[in-house]
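**Student:** No letters, just coordinates:
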């Protein structure tokens, strides 16, 4: 296993953490969007209290992935920047507007009308961001981006990320975020012994979980129709993770039904993580299928080894601090 393989594992791990933590935060805003801002003050305060202490730290994982991609696999970074600049720019705008609206809504002294405006911006941006990120991931997974082996993009800037698989992936990502948020907020309400909110988020967890199960089945069919190379990867290497994702998804619904919030969170995170790792392992060694592989896109090995050393040093310093942050704010009501 070379340094490029180790960096790909680090990237996939960071992407998983971002999906589990940042995805749940996006999901909180997705629920605001779904309810058309008609949530009660109690429900809304429960959401803001849950995401308030840690939401700013979550985007570090996305930045981390982009920095590794830019320095470790510059050809792939350049190709994605050319092909997917429009959806990625829209996702960046969503992240910025979401953060600004959350801050102004939570800490400002605006009038009722201004507060409602910021709540609307928060809901729309929280829903749009996973839509564009998911569409970008689906466009890569489809293997139909018109990218040459030298990293140039030979199509227009709409067709690549508006394929059926890309559009499905965008809406599927919104559903994943809503499901994670519902399960996490179910646990937060259970810790606070608030039975009204427990029942509310329990019902939402069950409904979105069942919907995501049906969506996952439809997604596998769409992958089989639209991405034959990825289908081959699933059949050869990724099928155990598909089975794991199905098992964890069913298990999370069972634990939610039984009012076991901690186990439900563990199973839900396992289901989402298995989806991401199944995609990554099935697509390996391609970073942008079918032509941009890790061997083609990687920087010189001495650069990759230095990056790994820096990552290990930074992890030793930052991971304990991040863990302590969650202990302070999430270990008890």
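**Tutor:** The structure has been received and is ready for your questions. Quantities reported herein were computed from a predicted structural model and do not represent experimental measurements.

**Student:** Mind listing what's buried along the helix or strand bottoming out on mean pLDDT in the chain?
**Tutor:** Of all helical and strand segments in the chain, the minimum by mean pLDDT, DSSP states H and E falls on helix 41-51, at a mean of 76. Residues 43-44, 46-47, 50-51 are the ones in helix 41-51 that count as buried (16 or more other CB atoms under 10 Å). No exception for glycine: its C-beta is placed from N, CA and C like everyone else's.

**Student:** could you point out where the chain is predicted with low confidence?
**Tutor:** Scanning the chain for pLDDT under 70 picks out 52-56, 106-110, 330-333.

**Student:** ok, which stretches of it are helices?
**Tutor:** 3-34, 41-51, 55-72, 74-83, 85-107, 112-142, 164-191, 195-226, 228-233, 239-257, 261-283, 294-297, 301-330 (DSSP state H).

**Student:** Could you identify which of those is most buried?
**Tutor:** Of these, the one with the most neighbours on average (mean count of other CB atoms under 10 Å) is helix 164-191, at a mean of 24.

**Student:** now the angle from that helix to helix 85-107?
**Tutor:** If you take axes from the mean of the first three to the mean of the last three CA atoms, to 10 degrees, helix 164-191 sits at 20 degrees to helix 85-107.

**Student:** Give me the distance from the least confident helix or strand of the chain to the chain's centre.
**Tutor:** Centre-to-centre, helix 41-51 and its host chain are 21 Å apart (CA atoms, centre = their mean, to the nearest Å).

**Student:** returning to that earlier point: how about the helices of the chain in CSV, adding distance to residue 149?
**Tutor:** Below are the helices of the chain laid out as CSV (distance: least, CB to CB, whole Å):
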stretch, distance to residue 149
helix 3-34, 17
helix 41-51, 42
helix 55-72, 18
helix 74-83, 9
helix 85-107, 20
helix 112-142, 16
helix 164-191, 22
helix 195-226, 22
helix 228-233, 15
helix 239-257, 29
helix 261-283, 17
helix 294-297, 6
helix 301-330, 20
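
**Student:** returning to what we had before: what is the least confident helix or strand of the chain packed up against?
**Tutor:** For helix 41-51, the packing partners by 3 or more CB pairs under 8 Å, 6 or more residues apart in numbering; DSSP states H and E come out as helix 3-34, helix 85-107, helix 164-191, helix 195-226.

**Student:** on that earlier part again, from the buried residues of helix 41-51, which single one is nearest residue 11?
**Tutor:** Closest approach to residue 11 among the buried residues of helix 41-51 (CB to CB): residue 51, at 24.8 Å.

**Student:** Would you agree the closest one is in contact with residue 25?
**Tutor:** Yes: the criterion here is CB atoms under 8 Å, and residue 51 meets it with residue 25 at 4.9 Å.

**Student:** Out of the helices and strands packed on helix 41-51, the one nearest residue 76 is which?
**Tutor:** Nearest of those (CB to CB): helix 3-34, 10.5 Å.

**Student:** angle of that closest one against helix 164-191?
**Tutor:** 70 degrees.

**Student:** Now do helix 3-34 against helix 55-72, angle only.
**Tutor:** 150 degrees.

**Student:** quick check, distance from helix 3-34 to the centre of its chain.
**Tutor:** With CA atoms, centre = their mean, you get 4 Å for helix 3-34.

**Student:** Could you do stretch 143-153 as well?
**Tutor:** 24 Å.

**Student:** quick one: buried residues of it?
**Tutor:** Going by 16+ other CB under 10 Å, stretch 143-153 has these buried residues: 143-145, 147, 151, 153.

**Student:** Tabulate those residues (JSON lines), appending distance to residue 217.
**Tutor:** Converted to JSON lines, the buried residues of stretch 143-153 look like this (distance: CB to CB, whole Å):
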{"residue": "143", "distance to residue 217": "21"}
{"residue": "144", "distance to residue 217": "22"}
{"residue": "145", "distance to residue 217": "26"}
{"residue": "147", "distance to residue 217": "30"}
{"residue": "151", "distance to residue 217": "35"}
{"residue": "153", "distance to residue 217": "32"}
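
**Student:** Out of the residues you listed, which sit inside strands?
**Tutor:** Among the buried residues of stretch 143-153, none falls in strands (DSSP state E).

**Student:** Adding distance to residue 316, write the helices and strands packed on helix 41-51 out as CSV.
**Tutor:** Shown next, in CSV, are the helices and strands packed on helix 41-51 (distance: least, CB to CB, whole Å):
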stretch, distance to residue 316
helix 3-34, 14
helix 85-107, 28
helix 164-191, 28
helix 195-226, 36
